[in-house]
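Undergrad: Generate a structure from the sequence data that follows.
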Amino acid sequence: MEDRMTAQQLKNSILQMAVQGKLVPQDLNDEPASVLLRRIKKEKEELIKEGKIKKSKTESFIFRGADNLHYEQIGKEVRCIEDELPFEIPDNWEWKSWGEVSYKIQYGYNAPAKDTGVIKMVRITDIQDNQVLWDSVPFCNIKENEIPDYLLHNFDILFARTGGTVGKSFLVENINEDSVFAGYLIRTVYNYNEINPKYLKYFMETSLYWSQLKKGTIATAQPNCNGQTLSKMILPIPPLQEQHRIVAKLQELEPLIEKYRIAEEQLHELNSNIKDQLKKSILQYAIEGKLVPQDPNDEPASVLLERIREEKQQLIKEGKIKKDKNESIIFRRDNSYYEKFGNTEFCIDDEIKCSVPINWILTRQKNLCWLNNGNLSKGEILPYLEVKVLRGNKEAETKDSGVIVTRGTNVILVDGENSGEVMKIKYRGYMGSTFKILQTSNFVNEKYVDIIFQCNRIKYKHNKKGAAIPHLDKELFNNTLIFLPPITEQQRILEKINLITHLL
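TA: Got it, this is the predicted structure:
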């Protein structure tokens, strides 16, 4: 399972092939990227000359030297960057910086978001699943003469520069409302007749993009990345015709990757369900005597049950538990099982869904464990151990009265959706009001009894009494029919379950 490629890994691999020139075939008739990039350079120089864009003082210029190695020039400084290039690209491709192929890298407009205003202002939070949620886009107040500088256009690329979404990008398409963009965004503008905007957007999903972004991000409580980091980012530029072919191929593959992702999720869910179902089946096998072989030399469970009865009588005598008004004995006669209450007998074969193993005995759950409310105490300041506290989801409040429970005590939820769940007390405190103390006989393995509870949780849930707030059906809990194995077999069962669980 671990060796199977995930949908995200598959997508990353395909994107990597795309930007390395390995996804679609090269065509020698394509105009080389170098010619395309010379046109872009000339157009930028014209725009700077006309005052339409500003010349960057720190822009990186990447070129091939006479030795065919790659160099970077910033101002008058030139250095070889051949060893810094992450992979080889086809001969008619070129390595360039983002700043070279962009006409403008621009920060958004800083203004408070308002319910009404001059114009809408797109924030990164308004972009979900590569769509602008126009109904949630707020307005802002901006001077009319400033709007053209920040007005969004189709094929602009927006880039989140701060926070948990730093690096997230969005290709503006099918814009249907005039809008500016907010200050936590950066916009890149370029000639989309020379560079396919979708190619740039796909690049911004590659590992090369994210690795460069990570290096340029300032690691603070709010991660921050500036326009200079984006400007210096290197990217491989294919010929324009090949850009179109790459985009077409990626768009063709996207729905297939999505199908793979859905199938992957379904498989994961199936595997999880199988594991859960297998575990449930193992536990059910355990309490039916089908998990480990019986040993005729084990002391019979009937002897064990007699000890438990004596223990129960002693607890009643000491006032620790209440006397059972409906005490019964289950016995076998003429290949059938009967339950005797005083002088009355009932056949209970309909309750028994499988054969009772050798040396095992049938009994009711109330003969193995007992629910009690505990005794109220006052005056001592102790933590109040409610459900959220025991789950570790809340700090305990303190109280000066309640039922004291100590470390190691088992309690069972009797109110709420998870009625029937058993929890162990970790430190001394007052028991929460939704619990009862669960006392188990000293003569049975507590962990084996826990397996019985796990198997019957659904039964408890489906039969809870109560309307607005479900309650544990105490009568059902007490009268659940139990297959009781010898104490030595209980231990063998637990060891087998631990072994199988480890393998799962």
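
Undergrad: unless I'm mixing things up, Glu489 is touching Leu304, no?
TA: No - the pair Glu489 and Leu304 fails to qualify as a contact (C-beta atoms under 8 Å) at a distance of 10.2 Å. For glycine as for every other residue, the C-beta is placed from the backbone atoms N, C-alpha and C.

Undergrad: Tyr337 - that's part of a strand, no?
TA: Yes - according to DSSP: H, G, I helix; E, B strand; the rest coil, Tyr337 belongs to a strand.

Undergrad: Quick one, grab the pLDDT at it.
TA: For Tyr337, the model assigns a pLDDT of 95.

Undergrad: What distance do you get for it to Leu213?
TA: The gap separating Tyr337 from Leu213 is 71 Å, by C-beta to C-beta, to the nearest Å.

Undergrad: With Lys353 instead?
TA: Computed as C-beta to C-beta, the Lys353 to Leu213 distance reads 61 Å.

Undergrad: which of those two has more neighbours?
TA: Counted by other C-beta atoms under 10 Å, Lys353 and Leu213 do not tie: Leu213 has more neighbours, with 19 against 7.

Undergrad: Mind checking what secondary structure that one has?
TA: Using three-state DSSP, the structure places Leu213 in helix.

Undergrad: got the contact list for it?
TA: The contact partners of Leu213, by C-beta atoms under 8 Å, 6 or more residues apart in numbering, come to Val166, Gly167, Cys225, Thr229, Met233.

Undergrad: Contacts only, for Ala113.
TA: Residues near Ala113 by C-beta under 8 Å, 6+ apart: Met121, Arg123, Pro138, Phe139, Cys140, Ala182.

Undergrad: With secondary structure as extra columns, can I get those in JSON lines?
TA: Shown next, in JSON lines, are the contacts of Ala113 (three-state DSSP):
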{"residue": "Met121", "secondary structure": "strand"}
{"residue": "Arg123", "secondary structure": "coil"}
{"residue": "Pro138", "secondary structure": "coil"}
{"residue": "Phe139", "secondary structure": "strand"}
{"residue": "Cys140", "secondary structure": "strand"}
{"residue": "Ala182", "secondary structure": "strand"}
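
Undergrad: Tell me the one of these nearest Asn154?
TA: Met121 (17.7 Å; C-beta to C-beta).

Undergrad: Not counting sequence-adjacent ones, nearest residue to the closest one?
TA: Using C-beta to C-beta, 6 or more residues apart in numbering and skipping residues adjacent in sequence, the residue nearest Met121 is Cys140, 4.0 Å away.

Undergrad: bridging residues for that neighbour?
TA: Ile119 (DSSP bridges).

Undergrad: That one - how many residues pack around it?
TA: 22.

Undergrad: Kindly report the same for the one 3 residues further on.
TA: Applying other C-beta under 10 Å, we find 7 other residues in the vicinity of Lys143.

Undergrad: from the chain's centre, how far out does stretch 486-504 sit?
TA: 31 Å (C-alpha atoms, centre = their mean, to the nearest Å).

Undergrad: what does it rub up against?
TA: 275, 278-279, 282-283, 286, 289, 291-292, 294-295, 298-301, 304, 359-360, 443-445, 447-448, 451, 485.

Undergrad: same question, stretch 77-92
TA: Against stretch 77-92 from outside (C-beta under 8 Å, 6+ apart): 20-21, 26, 28, 30, 32-34, 62, 65, 69-72, 95, 208, 234, 236, 238-239, 242.

Undergrad: Among those, which ones are in strands?
TA: Under the assignment DSSP state E, those contribute Ile62, His70, Tyr71, Glu72, Trp95, Ile234, Pro236 to strands.
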